[in-house]
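Asker: kindly return the folded structure for what I paste below:
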Amino acid sequence: MIFNYFWAAAIVFTCINVLIYKYHSKKHIQQNPKLTEGYKKLFRGYLFWMNIPWIVMGIGCTVGNVPSIWYYFRPKNGNPYVLAWFGSIIVLWIIGTYWLFLKNGAEIIAKYPGVLIMYFGFKRTEITNPNLIKMFWLLCLTGGIFGLVFMWTMDVPIPDFC
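Answerer: Okay, the predicted model is just below:
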């Protein structure tokens, strides 16, 4: 069942992430109440943009005859709903890159501590340097592109239990 409704679980986890970010932002808002509206805008944007691929996947799984998430590992089969999911990811990468590098998105995120948190072992670090934010984005984007190429070139088997 989890393989049929993975998209719904992903939406729930995206919402949980926002709650965690809100929790981490409370102390910063108490120190500087002027940040309140900016945090709200970032959280709403995160909820909207990060749920797009999961909504696309949900449509594919509920009305698009995509039996489980395993089919999303085989885009070369040409299922239009799977291709739409990959398209949504690529569009988000383009929009994210444009926003971070050309619309000062990294500088905006840097103004709001607690939005980008990295864990190095047990040490929690808030990333507030725009250049580090951009480097982190490029690192994640590189990994995403590698994963996309992997899925298009490999012949990933679909498990028998699907």
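Asker: and residue 76, how many neighbours does it have?
Answerer: 13 (other CB atoms under 10 Å). In this view, the C-beta of every residue, glycine as well, is placed from N, C-alpha and C.
Asker: can you check the pLDDT for the closest residue to it other than its chain neighbours?
Answerer: Spatial nearest neighbour of residue 76, excluding adjacent residues (CB to CB, 6 or more residues apart in numbering): residue 152 at 5.7 Å. Residue 152 carries a pLDDT value of 93.
Asker: by contact count, what packs against the particular helix or strand that has residue 152 in it?
Answerer: Using DSSP states H and E, residue 152 maps to helix 130-153. Packing partners of helix 130-153 (3 or more CB pairs under 8 Å, 6 or more residues apart in numbering; DSSP states H and E): helix 80-102, helix 105-110.
Asker: out of those, which gets nearest to residue 145?
Answerer: In terms of CB to CB, the element of these nearest to residue 145 is helix 80-102, at 8.1 Å.
Asker: chain center to stretch 45-59: distance?
Answerer: Once both centres are worked out by CA atoms, centre = their mean, to the nearest Å, stretch 45-59 turns out to sit 8 Å from its chain's centre.
Asker: list the buried ones in it?
Answerer: 46, 50-51, 53-54, 56-58 (16 or more other CB atoms under 10 Å).
Asker: cool, and stretch 72-88?
Answerer: Within stretch 72-88, the residues that qualify as buried are 72-75, 79, 81-82, 84-86, 88, counting by 16+ other CB under 10 Å.
Asker: same question, stretch 99-118
Answerer: Buried-residue list, stretch 99-118, by 16+ other CB under 10 Å: 99-100, 105-106, 108-110, 112-116.
Asker: of the residues you listed, just say which sits nearest to residue 24.
Answerer: Nearest member of the buried residues of stretch 99-118 to residue 24, counting by CB to CB, is residue 114, at 3.6 Å.
Asker: name the SS class of that closest one, please.
Answerer: Secondary structure assignment for residue 114 (DSSP: H, G, I helix; E, B strand; the rest coil): coil.
Asker: how close does residue 122 sit to residue 150?
Answerer: Going from residue 122 to residue 150 by CB to CB, to the nearest Å gives 31 Å.
Asker: more neighbours: those two, which one.
Answerer: Legend: neighbour count by other CB under 10 Å for residue 122 and residue 150, higher for residue 150 (11 against 5).
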